[in-house]
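**Student:** the following comprises the amino acid sequence and a computationally predicted model.
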Amino acid sequence: MTNKQPSSSGVLLALLCAGALSHAQAASMGDWEGCSSIPADTERLACYDRVSGRSQPDVAVAPGEAAKAEAQPASQPVVTPPAPPEPRLLSALSRHWELDDEAKQGAFLFRPHHPNYFLPLKYSPSPNNTPFQAALIQPDLGLDPIEAELQLSFKIKAMEGVMGHDNIDLWFGYTATSFWQAYNDTISSPFRETNYEPEAMLVFRTDY
């Protein structure tokens with residue numbers, strides 16, 4: 001009876017199977033239990049694939065996402081916009097009469113002209129008594145040197161660009177100044193005098 005000796009290839013195959021079996025047994029002891037404790041489904045499945053020796057599948061990219069990634073341009077350098085120029089300082093004369101283009105506000109708007117004020121006390125050493133001497137029965141009634149004064153003044157631009165010139169404007173102004181005998185109870189505290197000053201002004205801008 002003849003005894004057959006196992007070939008070297010058969011011995012190698014047997015050793016590899018034994019090693020794989022021992023690796024699977026070793027993995028089944030600790031690694032499999034570790035994978036089962038992972039709460040997330042995706043991570044737990046990836047752990048099982050890793051322990052079993054299966055290759056991880058490549059993450060598929062949706063066609064729309066791939067097209068969006070290709071179409072997205074490369075990041076451009078940030079360009080800081082230039083700072084706006086500082087507004088030109090206008091003179092008081094230009095603001096008052098709107099001489100420059102930056103000062104123009106249009107026509108038919110009320111604007112202050114001469115100072116507007118109210119003085120509750122004003123001393124006049126010799127108030128004008130002539131109108132009262134002609135009108136009153138008692139010409140020596142007299143006026144108080146202490147009185148009140150008030151003034152109201154405004155102007156209106158009636159037209160811009162008179163006679164086809166952009167730098168010529170037509171203005172109208174009005175000022176009323178009143179002197180009030182507010183503390184003269186003897187003659188019922190009248191207005192002693194009121195002055196009216198209507199104006200028409202043609203204003204033009206020069207190059208000076």
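**Tutor:** Nice, I can see it.
**Student:** for the rest of this, base every contact and every neighbour count on C-alpha atoms.
**Tutor:** Noted.
**Student:** residue closest to the middle of the chain?
**Tutor:** Pro84 (14.2 Å; CA atoms, centre = their mean).
**Student:** quick one: it is in a strand?
**Tutor:** No - going by DSSP: H, G, I helix; E, B strand; the rest coil, the assignment for Pro84 is coil, not a strand.
**Student:** give me the three-state assignment for Gly34.
**Tutor:** Recorded secondary structure, Gly34: helix (three-state DSSP).
**Student:** ok, it to Trp171 distance?
**Tutor:** With distances taken as CA to CA, to the nearest Å, Gly34 is found 94 Å from Trp171.
**Student:** between these two, which one's more packed in?
**Tutor:** Trp171 (19 against 15; other CA atoms under 10 Å).
**Student:** how about the contacts made by the more buried one?
**Tutor:** When contacts are counted by CA atoms under 8 Å, 6 or more residues apart in numbering, Trp171 touches Lys155, Ile156, Lys157, Ala158, Met159, Ala200, Met201, Leu202, Val203.
**Student:** and it, what are its phi and psi?
**Tutor:** phi -120, psi 150 (degrees, to the nearest 10).
**Student:** for it, which non-adjacent residue is spatially closest?
**Tutor:** Lys157 (4.4 Å; CA to CA, 6 or more residues apart in numbering).
**Student:** can you count the residues close to Phe154?
**Tutor:** Other residues near Phe154 come to 18 when the count uses other CA under 10 Å.
**Student:** low-confidence ranges, the chain, go.
**Tutor:** 1-29, 55-75, 132-141 (pLDDT under 70).
**Student:** same thing but 50
**Tutor:** The chain contains residues with pLDDT under 50 at 1-3, 6, 11-12, 16, 20-21, 24.
**Student:** where along it do the strands fall?
**Tutor:** For the chain, the strands defined by DSSP state E cover 110-112, 117-123, 146-160, 168-180, 191-204.
**Student:** dump those into a markdown table; add distance to Leu89 as well.
**Tutor:** Compiled in a markdown table, these are given as follows (distance: least, CA to CA, whole Å):
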| stretch | distance to Leu89 |
| --- | --- |
| strand 110-112 | 20 |
| strand 117-123 | 28 |
| strand 146-160 | 22 |
| strand 168-180 | 21 |
| strand 191-204 | 20 |
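**Student:** for Pro77, find the nearest of those.
**Tutor:** strand 146-160 (48.1 Å; CA to CA).
**Student:** buried residues in the closest one?
**Tutor:** 146-149, 151-158, 160 (16 or more other CA atoms under 10 Å).
**Student:** against Asp101, how distant is Phe172?
**Tutor:** From Phe172 to Asp101 the distance is 20 Å (CA to CA).
**Student:** neighbour-wise, which of these two wins?
**Tutor:** Between Phe172 and Asp101, counted using other CA under 10 Å, Phe172 has the larger neighbour count: 17 against 10.
**Student:** just checking, the more buried one touches Ala158?
**Tutor:** Yes - between Phe172 and Ala158 there is a contact at 6.8 Å, judged by CA atoms under 8 Å.
**Student:** name the residues that touch stretch 159-169?
**Tutor:** Under CA under 8 Å, 6+ apart, the answer for stretch 159-169 is Leu99, Gly106, Ala107, Lys157, Ala158, Leu170, Trp171, Leu202, Val203, Phe204, Arg205, Thr206.
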